[in-house]
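> Could you look at this predicted model? Sequence included:
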Amino acid sequence: MSAGPATVSVVIATYNDARWLPETLESVLAQTYPHVEIVVVDDGSTDDTRARIESYRSRVRYVRRKHEGLAGARNAGVALATGDFVALLDADDLWLPEKLAKQVAVAERHPDSGLIACDGVGFTAEHPDTGRLLGRRWLRLLLASSGREITGHYHDLMIEANQIRSPAQVLLPRRVLREIGPFTDSMVQDYDCYLRVAQRFPITVHADLLARYRERSDSMSGPVGRRGIVWGWDLLRSLRRHADRCDPAGRQRVARRLRAQVRAMAYEAYAYGMEGNRIRATRVLMRLGREESVTVALIYLTALWTPGRVKRRLIGALRTVRRLPRAAPGRHVGHVDRWTPEIDEIVPHDAKIEQLADGFAFTEGPVWMPGGYLLFADLPHNVIRRWHPVEGASVLRTRTGYSAADVPPGRSMGSNGMTLDGEGRLTICEAGNRRVTRQEPDGTCTVLADCFEGRRLNSPNDLVYRSDGVLYFTDPPHGLPLEDADPAKELPWNGVYRWADGKLTLALDELRRPNGLAFSPDEKYLYVGNSDPRRKVWMRYEVEPDGSLTNGELFLDLTFEPGQEPDGLKVDQRGNLYLTGPGGLWITDPHARVLGVIRTPLEPANVAWGDPDGRALYLTARSALYRVRLGIEGICPAAGR
């Protein structure tokens, strides 16, 4: 590295990207890091790239060459680079202004790293955020770390899957590029480069969202519908080349990835064929059968050419099987993903996930009652059920969320979240009736809130009392047949409300789908989940002395995780959070570090503390009810024990 400040060479390879190139260059010129040179290699563009770049010639080194492909253009740019580091950028992607400054600082903290990767988001003309760029495995490692960056030897993870979606995320020491050799002429040349780096050097990953990857159907990657197939052949070749560089253990891992890739290509071909391209898909599958796996190819060829009515019958039979009881009551199911040592104190190794009951429609809103039993809602059936340790499950009340005789098919209009106030009175979110009610000791029902400023609420979802009796609840549109588009919706927002002394106040209106909520042990913060498939996040808000919510900040983002959206949540006595979300119950410390995940056969929608000692978690999960005994005490409603 040079004796003075580290220098960065930004290499941009372009081919017929005149429409996007100026915006990309502006994002580089806006960098706060001053020691930068920009090399643009024009790979024989036939559009007006040369004219568009003319105004930048004094600040950019522009080289035009005969059209030979992206790899050759990148290699030419790297050969011209003089910086200590090389940052690759496609001609249509963008950087945030602090991208290079932050990455150089990370690189200087980790001088042995062969690659520095940041996070970012994809975007299109229609959607400003189509998802995170870092691979799920790296995002999970970041969630489990105490800081915002991790360093390690991630060759195995890179073999398993490319963890870097765009070269715009990457900063590479130029010495590393010299050692690993040039980019290969391949559709997966980025991944091939990362594999070679990961084999020889540690990699540092940091969580800052600094890159923006433009998703285009007309990019050099080829047509979107065929991209997985076209890339697939190059990926198979690249993996086989990499296997030759690996030790025996590495070759075994590559072999597993090759088998997985063949299956993925077969599915891509099948999906492409079902879109109306059966002949081309058949050719791909036949080639896969000849060169890779006859069995996989035959399975997907059969599916591709089986008449639709036959497939529908088979799918119907499979769905029937899936609806059968998964385990008898009392059986132990599921498992715990232990991400950190701290999880062992919370969920002991001998803890069992018990299935207490099954066969419901959709369970929600659990709350432990002072009498030693659990109440929970069954939304589509519009009932509240009771589970007793001796007597099992039974119906306690009917028409609990929707007063009409019949709930419209497929709608979740029954009661939802439930809790107890300081006097032990059951408080219920009635989704279909669009109100929050309280059950009095004499059996009567008091409506706490059904309107705000003369307009009906949407469908109250979940609720929590503060220790002084102030009630907070969320009001998404899930109980309305058409949700936000429903003509019966009267409020323009989906809010979080505060109810105190008979007065209802709008506390928040910024979340698209506010759902579960819970206080920190000291009640200084309120956590709120957002059940939006495009933004699976939990927010944390400061609770002011007057009860208002301020300074909202992102607590945890699991948008990258497949599965359901954020739903119910609870907090334990130490401030750890228990979040129902994608794939299970996520347990974090108060600083959003993921400690572990409780995985149940069915994804949980809500959770409650229970048992006389407050050390049991009850999980309502689709058609089932689960329980797991923990080594830590939870925060129960004031009168719940």
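Nice, I can see it. Predicted model, so just to flag it, every value in this text is computed and none were measured.
> which residues does Trp499 contact?
The contact partners of Trp499, by CB atoms under 8 Å, 6 or more residues apart in numbering, come to Val436, Leu448, Ala449, Val470, Leu471, Tyr472, Phe473, Thr505. Where you see a C-beta, it was placed from the backbone N, CA and C, and this is true even at glycine.
> Which member of those is positioned nearest Pro34?
Tyr472 (48.2 Å; CB to CB).
> In terms of helix, strand or coil, where does the closest one fall?
For Tyr472, the secondary structure call by DSSP: H, G, I helix; E, B strand; the rest coil comes out as strand.
> residues near it, how many?
The local packing of Tyr472 (other CB atoms under 10 Å) involves 25 other residues.
> now the helices for the chain?
Across the chain, reading from the start of the chain, the helices by DSSP state H fall at 21-29, 49-53, 70-80, 99-109, 136-144, 155-160, 174-180, 189-200, 224-245, 248-274, 278-291, 294-305, 308-323, 343-346.
> any idea how far the nearest residue to Cys451 once chain neighbours are set aside lies from Leu511?
Nearest in space to Cys451, with sequence neighbours left out and distances taken as CB to CB, 6 or more residues apart in numbering, is Leu457 at 6.6 Å. With distances taken as CB to CB, to the nearest Å, Leu457 is found 15 Å from Leu511.
> what about these two, which has more around it?
Comparing Leu457 with Leu511 by other CB under 10 Å, the one with more neighbours is Leu457, at 26 against 22.
> surely that one meets Arg435?
Yes - counting by CB atoms under 8 Å, a contact exists between Leu457 and Arg435, whose distance comes to 6.5 Å.
> Spit out the residues that contact these two alike.
Both Leu457 and Arg435 are in contact with Ala449, Asp450, where contact means CB under 8 Å, 6+ apart.
> residues touching Thr204, list them.
When the contact criterion is CB under 8 Å, 6+ apart, the partners of Thr204 are Val106, Ala107, Arg109, His110, Ser113, Leu115, Ile116, Ala117, Glu149, Ile150, Thr151.
> which among those gets closest to Glu453?
Distances from the contacts of Thr204 to Glu453 were compared by CB to CB; the smallest belongs to Glu149, at 46.8 Å.
> Any idea what the closest one is bridged to?
Partner residues in beta bridges with Glu149, using DSSP bridges, are His206.
> ok, it to Ile53 distance?
If you measure Glu149 against Ile53 using CB to CB, the figure is 35 Å.
> Then Asp462?
Separation of Asp462 from Ile53 (CB to CB): 54 Å.
> of the contacts of Trp499, closest to Val41?
Among the contacts of Trp499, Tyr472 lies closest to Val41 (CB to CB), at 56.7 Å.
> thought that closest one was touching Leu517?
Yes - the pair Tyr472 and Leu517 qualifies as a contact (CB under 8 Å) at a distance of 6.1 Å.
> out of Glu149 and Ile53, which sits in the busier spot?
Remark: of Glu149 and Ile53, Ile53 carries more neighbours, 21 against 18, as counted by other CB under 10 Å.
> wait, what's in contact with the nearest residue to the more buried one once chain neighbours are set aside?
Once its chain neighbours are removed from consideration, Ile53 has its nearest residue in Tyr62; the separation is 5.6 Å (CB to CB, 6+ apart). Residues in contact with Tyr62, defined by CB under 8 Å, 6+ apart, are Val40, Asp42, Ile53, Tyr56.
> quick one: which of those is nearest Phe560?
The closest of these, once distances to Phe560 are taken by CB to CB, is Val40, at 32.1 Å.
> The closest one pairs with what?
Under the criterion used here (DSSP bridges), Val40 is bridged to Ile12, Tyr62.
> Model confidence score at it, please.
The predicted structure scores Val40 at 97 on the pLDDT scale.
> Could you do Gly330 as well?
As summarised for this prediction, Gly330 has a pLDDT of 71.
> Tell me if I'm right that it and Lys352 touch.
No - in this structure Gly330 lies outside contact range of Lys352 using CB under 8 Å: 10.1 Å.
> Quote the end-to-end distance of stretch 470-485.
Taking CA to CA, to the nearest Å, stretch 470-485 runs 31 Å from one end to the other.
> Could you measure from the residue nearest to Cys451 over to Leu630?
Note on Leu457: its distance to Leu630, by CB to CB, is 35 Å.
> Check Ala351 too.
Ala351 is 7 Å from Leu630, where distance means CB to CB.
> again with Leu482
When CB to CB is the yardstick, Leu482 and Leu630 sit 40 Å from each other.
> More neighbours: which of those two?
In this view Leu482 and Leu630 are compared by other CB under 10 Å, and Leu630 has more residues nearby, 21 against 10.
> what's the closest non-adjacent residue to that one?
Closest residue to Leu630 in three dimensions, ignoring its sequence neighbours and counting by CB to CB, 6+ apart: Arg615, at 5.4 Å.
> Check Arg309 and give its pLDDT.
Among the per-residue scores, Arg309 holds a pLDDT of 79.
> What about it, how many residues nearby?
If we define neighbours as other CB under 10 Å, then Arg309 has 7 of them.
> which ones are touching it?
Residues touching Arg309, when contacts are defined by CB under 8 Å, 6+ apart, are absent altogether.
> ok, the closest residue to Cys429 other than its chain neighbours to Ala605 distance?
Excluding its sequence neighbours, the residue lying closest to Cys429 (CB to CB, 6+ apart) is Pro460, at 3.9 Å. Distance, Pro460 to Ala605, using CB to CB: 16 Å.
> And for Val594?
20 Å.
> Likewise for Ala271?
In terms of CB to CB, Ala271 sits 30 Å off from Ala605.
> So those two - more neighbours on which side?
More crowded of Ala271 and Ala605, by other CB under 10 Å: Ala605, with 24 against 16.
> Ramachandran coordinates for that one?
phi -100, psi -30 (degrees, to the nearest 10).
> what's the burial count for the nearest residue to it once chain neighbours are set aside?
With sequence-adjacent residues excluded and distances taken as CB to CB, 6+ apart, Ala605 is closest to Asp567, at 4.7 Å. Asp567: 22 surrounding residues under other CB under 10 Å.
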